[in-house]
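S.K.: Predicted coordinates and the sequence they were generated for:
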Amino acid sequence: MAEFLSLHDAVARYVEDGATVAMEGFTHLIPFAAGHEVIRQKKRDLTLIRMTPDLVYDQLIGAGCAKKVIFSWGGNPGVGSLHRLRDAVEKGWPHRVEILEHSHAAMACAFEAGAAGLPLAVLRGYVGSELPSVNDQIKFIECPFTGERLAAVPSVRPDVSIVHAQKADRAGNVLVEGIVGVQKEAVLAAKQSIVTVEEIVEDLRSEPDYHPNACIIPGWAISAIAVAEKGSLPSYAHGYYPRNNAFYKEWDAIARDRDTFTAWIEENVMNAGGNA
């Protein structure tokens with residue numbers, strides 16, 4: 001059952017050095033505040049999983065938190081490359097990072113399989129793709145019923161998953177509105193989970209904007225809930241604040257230079273404090 005903690009305490013308790021960590025949220029509700037807390041606590045040797053690693057993973061990698069990244073697309077959306085990721089992979093700064101690349105479909109299926117407690121995900125895909133030549137986690141199997149050749153990948157089962165959402169109620173249930181990625185699957189697949197939210201309300205069912213088709217992550221699946229107002233900036237939170245498009249453009253220049261990046265992290269993350 002979900003426990004209400006400060007973000008500092010939640011990360012300190014559930015994110016251990018060497019852990020496999022998934023941070024999910026698609027287009028909006030990206031858990032930047034939680035990622036910054038991981039950086040502040042100087043967590044190391046993490047295997048980071050995310051369907052679309054963007055700025056938050058660029059920051060974690062550049063800060064020295066990651067040893068491996070499992071993903072299906074990596075970049076600064078609408079701008080270009082993740083320069084800290086490239087520097088780590090190509091030149092080993094601040095240290096070399098291993099990458100394991102999948103397709104979007106495979107990652108989504110792997111999260112779903114993990115949420116179901118299955119060891120692998122099966123999909124139609126990768127036929128004619130070059131990814132199996134660089135990713136030894138992609139295998140091919142024969143369907144026992146039709147004889148069809150199918151792709152198989154390991155399910156995603158993180159040590160801890162971290163997501164951001166709009167609201168949690170006092171019972172620990174979490175509301176995700178707007179564009180939904182694999183947040184629920186990431187939480188259900190993980191051994192432990194942290195959800196940061198914009199606010200706590202008494203009961204989601206009594207909220208005026210509640211509707212039965214909303215995405216609800218149940219409190220029994222969540223380890224810790226922490227309030228982190230504006231916790232997904234510079235991405236956005238549907239119904240709360242817009243995306244800071246200018247920052248995504250600014251990040252390209254910040255991340256290109258090691259010294260500029262290090263200074264930015266020191267000023268805006270290490271010395272910025274955390275959310276209560």
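M.R.: Everything's here; your move.
S.K.: CA only for contacts and neighbour counts going forward, please
M.R.: Noted.
S.K.: Ends of stretch 24-32, what's the gap?
M.R.: Stretch 24-32 has an end-to-end distance of 10 Å (criterion: Cα to Cα, to the nearest Å).
S.K.: For that stretch, the averaged confidence score.
M.R.: For stretch 24-32, mean pLDDT rounds to 96.
S.K.: One more: stretch 151-166?
M.R.: Across stretch 151-166, pLDDT averages out at 98.
S.K.: Quick check: buried residues in it?
M.R.: 151-166 (16 or more other Cα atoms under 10 Å).
S.K.: what's the answer for stretch 190-198, then?
M.R.: Quick answer for stretch 190-198 (16+ other Cα under 10 Å): 190, 192-198.
S.K.: Could you tell me which of those are located in strands?
M.R.: Using DSSP state E, 192-198 are the members of the buried residues of stretch 190-198 that sit in strands.
S.K.: Going by residue numbers, what spans are strands in the stretch 151-276 of the chain?
M.R.: 160-169, 174-176, 192-201, 215-217, 224-227 (DSSP state E, counting those that start in this stretch).
S.K.: Summarise which helices and strands the fourth one is packed against.
M.R.: Contact here means 3 or more Cα pairs under 8 Å, 6 or more residues apart in numbering; DSSP states H and E; on that basis strand 215-217 packs against strand 174-176, helix 183-189.
S.K.: Distance of Asn268 relative to Leu188?
M.R.: For Asn268 relative to Leu188 (Cα to Cα), the value is 32 Å.
S.K.: more crowded one of these two?
M.R.: A direct count of neighbours by other Cα atoms under 10 Å for Asn268 and Leu188 places Leu188 higher, at 26 against 11.
S.K.: ok, the nearest residue to the more buried one once chain neighbours are set aside - contacts?
M.R.: Nearest non-adjacent residue to Leu188, counting by Cα to Cα, 6 or more residues apart in numbering: Ala115, 4.7 Å away. Contacts for Ala115 were tallied using Cα atoms under 8 Å, 6 or more residues apart in numbering; they are 157, 185-190.
S.K.: right, and out of those, which lies closest to Pro132?
M.R.: Set against Pro132, the nearest of these by Cα to Cα is Arg157 (20.9 Å).
S.K.: list the contacts for the closest one?
M.R.: 111, 114-115, 189-191.
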